[in-house]
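A.B. asks: just need the structure, nothing else, for what follows:
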Amino acid sequence: MATEKNSFLLYCDTIHTIEKLSDVDAGQLLKHILRYVNDKDPVTDNPLVEIAFEPIRQSLKRDLVKYENIRTRNSENAKKRWNATASDRIPNDTKNADSDSVSVSVISKDIYRRFAHLSITNLEVEKLLEKYSIQEIDGILDDIQNFKGHKKYTSLYLTATKWLAKNVKPKQEMIYDPLYEKAKALGYVKD
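C.D. replies: Next comes the predicted model:
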């Protein structure tokens, strides 16, 4: 088994084989499976366990090959994204890559964030920062990304602007007016 891999698949249809074993043999089979996936090179003198284990071993081998192929592909795609220039595109075959989104894109210095077919530039984010905090902007961008219908949107900036206006109060500039403060202290102005 791969060194970084800490889980494996045991298929539900295996129950048909295991149900035919006694509880003792089924327990031995489970131990045999766990020793196998932990690279302990298990050996058994129980022919029933050996027969029951063979199809499981074959499926574990197939799954490991599939896992290694996906891992290699994801690693190559990550390297492509890392080394990409502004004119390059993100590979479309990143189905099993990390799902966490990164706020600052390494693909282009102009792009602040990109997902699906949408992107927002650093300049557009700076415009939003005039009214909203970066936490509010990132929160709305997360909400848009997780929104099931985000595929219908054509501009991430316009969508974020509308969502922010609808869901977040813009920050107001605090203007210090000494006359107002003095009038307030004297009781002429009430909040």
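
A.B. asks: only C-alpha atoms from now on, for both contacts and neighbour counts.
C.D. replies: Fine.

A.B. asks: can you list contacts of the helix or strand residue 158 falls within?
C.D. replies: Applying DSSP states H and E as the criterion places residue 158 in helix 156-167. Helix 156-167 is contacted from outside by 118, 119, 120, 124, 125, 128, 136, 137, 140, 141, 144, 153, using Cα atoms under 8 Å, 6 or more residues apart in numbering.

A.B. asks: farthest pair in those residues?
C.D. replies: 136 and 153 (19.7 Å; Cα to Cα).

A.B. asks: more neighbours: these two, which one.
C.D. replies: Per other Cα atoms under 10 Å, whichever of residue 136 and residue 153 has more neighbours is residue 136, with 17 against 12.

A.B. asks: ok, that one touching residue 142?
C.D. replies: No. Using Cα atoms under 8 Å, residue 136 is not in contact with residue 142, being 9.8 Å away.

A.B. asks: can you map out the helices along the protein?
C.D. replies: 15-18, 23-37, 47-83, 122-129, 134-146, 156-167, 178-185 (DSSP state H).

A.B. asks: which stretch in those is the model least sure about?
C.D. replies: Comparing mean pLDDT over the helices of the chain, the weakest stretch is helix 178-185, at a mean of 75.

A.B. asks: who does it touch, helix- and strand-wise?
C.D. replies: Contacting helix 178-185 under the criterion 3 or more Cα pairs under 8 Å, 6 or more residues apart in numbering; DSSP states H and E is no other helix or strand.

A.B. asks: CA atoms of that helix as CSV?
C.D. replies: The C-alpha trace of helix 178-185 is given here as CSV (Å, rounded to 0.1, in the frame of the first residue of the first chain):
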residue,chain,number,x,y,z
PRO,A,178,-15.1,68.7,17.0
LEU,A,179,-18.1,71.1,17.0
TYR,A,180,-20.5,68.2,16.8
GLU,A,181,-18.7,66.4,19.6
LYS,A,182,-18.8,69.6,21.8
ALA,A,183,-22.5,70.2,21.1
LYS,A,184,-23.1,66.5,21.9
ALA,A,185,-21.2,66.8,25.2
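
A.B. asks: how far off centre is that helix?
C.D. replies: Centroid displacement of helix 178-185 relative to its chain, using Cα atoms, centre = their mean, to the nearest Å, is 52 Å.
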